[in-house]
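# My questions concern the predicted model and sequence given below.
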Amino acid sequence: MSTRFKPKFSIKKGDTVVVIAGDDKDLKKPRKVLEVIVDKGRVVVEGVNIATKHTKPSASNTKGGIVKIEAPIAISNVMLWDAKTSAPTKAKRTRENGKLVRVSKKSGEVIK
């Protein structure tokens with residue numbers, strides 16, 4: 001990503017999205033965004049891109065072993081989920097009472 005300007009994404013932490021590309025593609029199963037990595041243009045989505053991580057025993061984790069974690073995927077591979085129409089949608093920004101809000105292009109509803 002460019003280092004000069006901070007990119008603006010329509011997806012935020014806690015949003016409901018569907019994966020539209022990749023191994024975990026499922027256009028009918030909405031999932032929750034756990035983290036957005038803005039400078040790399042990636043998102044961590046619940047239950048998507050599961051990777052196995054081998055951990056050493058430490059003071060906090062005395063057993064160690066193999067742990068399954070969600071790895072980040074490209075933000076272009078996910079799309080916002082519109083609950084009203086039960087379909088993926090794009091979002092546009094509009095001003096309401098002096099504040100910028102995200103509005104679903106399919107249903108016209110404000111995205112919380």
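Cool, the structure landed.
# Nearest the middle, which residue of this structure would you pick?
Residue closest to the average C-alpha location in the chain (Cα atoms, centre = their mean): Val33, at 3.7 Å.
# could you point out which element follows the host helix or strand of it?
Using DSSP states H and E, Val33 maps to strand 26-37. The helix or strand immediately downstream of strand 26-37 is strand 42-45, counting by DSSP H and E.
# Find out how far that following strand is from the centre of the chain, if you would.
Chain-centre distance of strand 42-45: 5 Å, with Cα atoms, centre = their mean, to the nearest Å.
# Tell me which residues of that strand come out buried.
For strand 42-45, burial by neighbour count (16 or more other Cβ atoms under 10 Å) applies to Arg42, Val43, Val44, Val45. Using the backbone N, CA and C atoms, a C-beta is placed for each residue, glycine as well.
# and if you look at stretch 26-34?
Pro30, Arg31, Val33.
# check contacts around the first one.
By Cβ atoms under 8 Å, 6 or more residues apart in numbering, the contact list for Pro30 reads Thr16, Val17, Val18, Trp81, Ala83.
# correct me, but the last one touches Thr16?
Okay, so that is Ala83. Yes. In this structure, Ala83 is within contact of Thr16 by Cβ atoms under 8 Å, at 7.1 Å.
# Count the residues that sit near the closest residue to Val78 other than its chain neighbours.
The shortest distance from Val78 to any non-neighbouring residue, by Cβ to Cβ, 6 or more residues apart in numbering, is to Val17 (4.3 Å). The number of residues packed near Val17 is 21, by other Cβ atoms under 10 Å.
# again, but for Val78
Residues near Val78, counting by other Cβ under 10 Å: 24.
# May I have stretch 20-37 as CSV, with CA atoms only?
Listed next in CSV are the C-alpha coordinates belonging to stretch 20-37 (Å, rounded to 0.1, in the frame of the first residue of the first chain):
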residue,chain,number,x,y,z
ILE,A,20,-16.2,-13.6,-2.3
ALA,A,21,-12.9,-15.2,-3.4
GLY,A,22,-10.4,-17.8,-2.3
ASP,A,23,-10.5,-21.2,-0.7
ASP,A,24,-13.1,-20.1,1.9
LYS,A,25,-15.5,-18.5,-0.7
ASP,A,26,-19.1,-18.7,0.5
LEU,A,27,-21.5,-16.0,-0.6
LYS,A,28,-24.3,-17.2,1.6
LYS,A,29,-22.5,-17.5,5.0
PRO,A,30,-21.9,-14.1,6.7
ARG,A,31,-19.0,-13.9,9.1
LYS,A,32,-17.6,-11.3,11.5
VAL,A,33,-14.5,-9.2,11.0
LEU,A,34,-12.1,-9.6,13.9
GLU,A,35,-9.4,-7.1,12.8
VAL,A,36,-8.6,-4.7,9.9
ILE,A,37,-4.9,-4.2,9.0
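# Thanks a lot, catch you later.
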